[in-house]
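1. Model the following, please.
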Amino acid sequence: MKSVFKKAVAILLLVLLAYLVYSVVIGIQEKNQIAKQLQTIPEFEFLTLEQQPFTKADLKPEKNTIFIYFNTECDFCQHEAQSISDNLESFKEVQFMFVSTEPINTIRQFSEQYNLNNKQNITFLYDNLNTFSSRFGAASIPFILIYDNEQKLIKKHKGQLNAKGILRALQYNE
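-> Predicted coordinates for the structure are as follows:
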């Protein structure tokens with residue numbers, strides 16, 4: 001009786017170990033696939049604050065593009081937005097895509113609070129299908145992706161990155 005129990009426990013442990021190994025391998029493969037797909041700006045579709053579709057085709061060609069995945073209640077996101085707002089003159093040749101899953105009115109209030117609304121090079125987008133995090137590999141907020149004017153990835157950053165850090169990444173790439 002004891003040997004049957006020991007065998008059952010051993011088999012159960014082997015099955016559990018095999019499942020854990022399988023899960024880790026699949027996770028690594030998914031992470032590598034996302035990293036590869038982020039080397040250039042992936043296809044996407046979000047909504048503008050006017051609830052119009054916005055896709056990769058709507059990006060301005062030949063401009064550096066910065067995606068910022070944010071939440072209006074995040075202190076780091078607020079500091080980041082203030083830093084960008086304070087340094088707008090330095091970002092004339094950059095297009096910012098601020099993306100959030102929050103309601104449009106909340107996003108709009110945030111854009112107004114930091115004087116980032118109605119700027120030619122800043123677009124606020126509503127991730128209505130909650131796809132940014134999986135498509136762009138964002139596991140935290142704020143999350144920043146900086147692309148050059150050929151839509152090639154320069155920098156991926158988890159956490160706050162102030163205007164000086166963004167400018168450094170852009171200048172380092174030149």
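2. What residues does Glu80 make contact with?
-> For Glu80, the contacting residues are 68, 70, 142, 160-162, by Cβ atoms under 8 Å, 6 or more residues apart in numbering. Yep, even glycine has a C-beta here, placed from its N, CA and C like the rest.
3. Next step: those residues restricted to strands.
-> Using DSSP state E, the subset of those located in strands is Ile68.
4. Of the contacts of Glu80, just say which sits nearest to Leu49.
-> Checking those against Leu49 by Cβ to Cβ gives Phe70 as the nearest, at 14.0 Å.
5. what helix or strand is the closest residue in space to the closest one that isn't next to it in sequence on?
-> Leaving aside its chain neighbours, Phe70 sits nearest to Cys77 (4.0 Å; criterion: Cβ to Cβ, 6 or more residues apart in numbering). Secondary structure assignment for Cys77, by DSSP states H and E: helix 75-86.
6. Would you mind checking the average pLDDT for whatever helix or strand comes next after that helix?
-> Sequence order places strand 94-100 as the next helix or strand after helix 75-86, per DSSP H and E. In this model, strand 94-100 has a mean pLDDT of 95.
7. Which elements pack onto strand 94-100?
-> Secondary-structure packing of strand 94-100 (3 or more Cβ pairs under 8 Å, 6 or more residues apart in numbering; DSSP states H and E): strand 64-69, helix 104-113, strand 122-126.
8. on that earlier part again, next, the angle from the helix holding Cys77 to strand 122-126.
-> Going by axes from the mean of the first three to the mean of the last three Cα atoms, to 10 degrees, helix 75-86 is angled at 150 degrees with respect to strand 122-126.
9. buried stuff in helix 75-86?
-> By 16 or more other Cβ atoms under 10 Å, the buried positions in helix 75-86 come out as 76-78, 80-85.
10. Kindly report the same for stretch 100-118.
-> Neighbour counts over stretch 100-118 (16+ other Cβ under 10 Å) mark 100-101, 104, 107-108, 110-111, 114, 116 as buried.
11. do the same with stretch 56-67
-> For stretch 56-67, a neighbour-count test (16+ other Cβ under 10 Å) marks 59, 63-67 as buried.
12. Quick check: the farthest pair among those?
-> Lys63 and Phe67 (12.9 Å).
13. Arrange the helices and strands packed on strand 94-100 in JSON lines, one row each, with distance to Leu47 and mean pLDDT as further columns.
-> Shown next, in JSON lines, are those (distance: least, Cβ to Cβ, whole Å; pLDDT from 0 to 100):
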{"stretch": "strand 64-69", "distance to Leu47": "15", "mean pLDDT": "94"}
{"stretch": "helix 104-113", "distance to Leu47": "8", "mean pLDDT": "96"}
{"stretch": "strand 122-126", "distance to Leu47": "4", "mean pLDDT": "96"}
